[in-house]
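1. Return atomic coordinates for the entry below.
(chains A and B)
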Amino acid sequence: MSERQRASRSTKRKKELPRAIELSLPGDVWRNVASHMDLWDWVRASGLCKTTWKLELDSVKVSDSRILGVEGARWMTSRWRRARSLSLSLRGTVKEGIPQALMTAQPCANELTQLQLEWIPEWDEAEDLTGLADIDLSSLIHLRSVCLMGLMPSTLALPPTTELHVITRQDWSSHPVWLSVLPMLRTITMAGIERLNKLPQILSLPSSLTTVLLSAGQVGGCPMQGLAYGRGKGNSGTRRFTSAPAHAGLA
Amino acid sequence: MCSVILRSSDGADHVVSQEAASLSKTVQSLLEELEAAKDGEESILIVPLPNVCDCTLRKVLQYCIQHTMSAQQVTEGPTPSDELKKREMEAWDRDYIMVSTDELYHLVMAAHYLNVPGLLELCCEGIANLIRGKSPEHVRQCFGLVKDFEAPEEESIRCTNLWALVDEKEQAKK
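-> Model prediction:
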């Protein structure tokens, strides 16, 4: 290759190469970029430069705890001090140490306003195997919304201004833990109901519930796809509750 | 709605509706200041933007105009096609952000300076999509970047991040 061709190729390459974005992007832009990525992807990218390495995250999203591990949990907690949103999906039997690392982390995620915890069992597991038996979030005073999906803690403590949204199984719906947080409960979704002959107890008590979604195979003797109750909210593919007990419980 | 002139760093003027210009919170506050200072005169307001070049400003305004038009259509009254319009806007955004890395860099810096939240979000998502799944070395290689770490520092980072550098499937098996 001639010198001229080489020089021309080099100039072309320089033109094609983008600016060194990581050296000049402000921290809050990087924080926004990180909020669009799963934690695992962000960890890999965090070694780009000093700004990305030291970045404290605004939003933390873990879509598979199996990848996280205890080291990952430590990594996460070391950068979540100013996080406002945390979404954690736990799969199967959670490795020992992860729940403890999360619950006892220092600094804790004091700024959290939104928290979503999800457990996806690998098999038809009858118990909650997340290891998050006692969830105490009462010190997170900024917390406004908590969504628990498929989790069955023994105890749950929340700040009084938090709105709780729960997706649970019918056989877990009568657990006392839900009764203990009734004033905060806004949405409940129950799936896997084979036959619904009477409303779960939780729906017959005074509460602040605004939306109830029941996914039932049969209601009384009537086969159904699903049921929904919502104040002014419809749900396509579901039927709206109109029976008196439902209203009594949901008022 | 009256028009305003946005003047780029290289002196190019862009006439745009005040509504579209106000998608930028920076421009909006500058307009308020100018409005207060103009003392009842009926002249068109000129907003100098010393940190945005003509080419990037043109691209930013394309976003602002499109989104203002779309918002007007929706606010004229909710219709069953609102969801369709939303999906059309999302598709428009996806096409809009298909730009070179260099252009994306200028765009994100402009969105940050001009404080256009929707555009900033879109650009950051674009950057996230570019770097997702790549190792730092790979990203540096693709983007022609220079490291700002000392060797020991880099080794310490590599050790700290080792858990995330292992293949995803292997981790899942464990």
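2. so where is chain B shaky, pLDDT-wise?
-> Counting by pLDDT under 70, the ranges of chain B that qualify are B:1, B:39-41, B:74-80, B:143-145, B:166-174.
3. where along it do the helices fall?
-> Along chain B, the segments classed as helices by DSSP state H run B:18-21, B:25-37, B:54-75, B:82-96, B:101-114, B:117-131, B:136-143, B:151-160, B:162-165, B:168-173.
4. what's the answer for the stretch 101-250 of chain A, then?
-> In the stretch 101-250 of chain A, the helices defined using DSSP state H, counting those that start in this stretch lie at A:176-180, A:244-250.
5. Comparing these, which yields the minimum mean pLDDT?
-> Of all the helices of the stretch 101-250 of chain A, the minimum mean pLDDT falls on helix A:244-250 (a mean of 29).
6. hmm, back to that, could you point out which of the helices of chain B sits nearest residue A:148?
-> Nearest of these to residue A:148, taken as C-beta to C-beta: helix B:168-173 at 23.8 Å. Any C-beta I mention is one placed from the backbone N, CA and C, and that applies to glycine too.
7. Any chance of CSV for the helices of chain B, columns distance to residue A:67 and mean neighbour count?
-> As requested, these are exported to CSV (distance: least, C-beta to C-beta, whole Å; neighbours: other C-beta atoms under 10 Å in any protein chain shown):
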stretch, distance to residue A:67, mean neighbour count
helix B:18-21, 44, 20
helix B:25-37, 38, 14
helix B:54-75, 35, 17
helix B:82-96, 28, 13
helix B:101-114, 28, 21
helix B:117-131, 18, 20
helix B:136-143, 18, 17
helix B:151-160, 16, 13
helix B:162-165, 7, 17
helix B:168-173, 5, 11
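8. what about these, which gets the closest to residue A:111?
-> Of the helices of chain B, the one closest to residue A:111 (C-beta to C-beta) turns out to be helix B:117-131, at 19.7 Å.
9. Now do that closest one: which elements does it pack against?
-> Other helices and strands packing on helix B:117-131, by 3 or more C-beta pairs under 8 Å, 6 or more residues apart in numbering or on different chains; DSSP states H and E, are helix A:27-35, helix A:39-46, helix B:54-75, helix B:101-114.
10. if I pick the residue nearest to residue B:30 when sequence neighbours are not counted, what's in contact with it?
-> Sequence neighbours aside, residue B:47 is the residue nearest to residue B:30 in space, at 5.1 Å (criterion: C-beta to C-beta, 6 or more residues apart in numbering or on different chains). Residue B:47 makes contact with B:4-7, B:21, B:27, B:30-31, B:34 under the criterion C-beta atoms under 8 Å, 6 or more residues apart in numbering or on different chains.
11. What's opposite residue B:47 in the beta bridge?
-> When bridges are called by DSSP bridges, residue B:47 pairs up with residue B:6.
12. now it: how far from chain A?
-> Residue B:47 sits 22 Å away from chain A, going by C-beta to the nearest C-beta, to the nearest Å.
13. Also residue B:102?
-> 4 Å.
14. Can you verify my assumption that residue B:66 contacts residue B:88?
-> No - the criterion here is C-beta atoms under 8 Å, and residue B:66 misses it with residue B:88 at 10.4 Å.
15. Outline the domain layout of the chain.
-> Defaulting to chain A. Per automatic domain parsing, the structural domains of chain A span A:15-161, A:163-251.
16. meant chain B actually
-> According to automatic domain parsing, chain B comprises the domains B:3-131, B:136-173.
17. With adjacent residues omitted, what lies nearest to residue A:93?
-> Excluding the flanking residues, the one nearest residue A:93 by C-beta to C-beta, 6+ apart is residue A:129, at 4.7 Å.
18. close enough to count as contact, that neighbour and residue A:121?
-> Yes - the pair residue A:129 / residue A:121 is scored as a contact, 7.2 Å apart, by C-beta under 8 Å.
19. Return every residue with contacts to both of these two.
-> Residues within reach of residue A:129 and of residue A:121 at once, by C-beta under 8 Å, 6+ apart, are residue A:92.
20. May I ask which helix or strand of chain A has the lowest mean pLDDT?
-> When each helix and strand of chain A is scored by mean pLDDT, DSSP states H and E, helix A:244-250 comes last, with a mean of 29.
21. From the centroid of chain A, which residue is nearest?
-> Most central in chain A under C-alpha atoms, centre = their mean is residue A:116, positioned 2.1 Å from the mean C-alpha point.
22. Hmm, that one is touching residue A:86, no?
-> Yes - assessed by C-beta under 8 Å, residue A:116 is found in contact with residue A:86 at 7.2 Å.
23. what do these two both touch?
-> The overlap between the contact sets of residue A:116 and residue A:86 (C-beta under 8 Å, 6+ apart) is empty.
24. Sheet-wise, list the partners of the lengthiest strand in chain A with their directions.
-> In chain A, assigned by DSSP state E, the strand with the most residues is strand A:185-196. Sheet pairing for strand A:185-196, assigned by DSSP bridges, gives strand A:163-169 (parallel), strand A:211-219 (parallel).
25. would a markdown table of the helices of chain B with distance to residue A:107 be doable?
-> A markdown table is the format used below for those (distance: least, C-beta to C-beta, whole Å):
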| stretch | distance to residue A:107 |
| --- | --- |
| helix B:18-21 | 41 |
| helix B:25-37 | 31 |
| helix B:54-75 | 38 |
| helix B:82-96 | 36 |
| helix B:101-114 | 27 |
| helix B:117-131 | 25 |
| helix B:136-143 | 26 |
| helix B:151-160 | 18 |
| helix B:162-165 | 21 |
| helix B:168-173 | 27 |
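26. out of these, nearest to residue A:169?
-> Using C-beta to C-beta as the criterion, the shortest distance between residue A:169 and the helices of chain B is 24.9 Å, found for helix B:168-173.
27. Whichever residue of the stretch 101-250 of chain A sits closest to chain B and residue A:100, how far apart?
-> Distances between the stretch 101-250 of chain A and chain B by C-beta to the nearest C-beta are smallest at residue A:122, namely 10.6 Å. For residue A:122, the distance to residue A:100 (C-beta to C-beta, to the nearest Å) stands at 21 Å.
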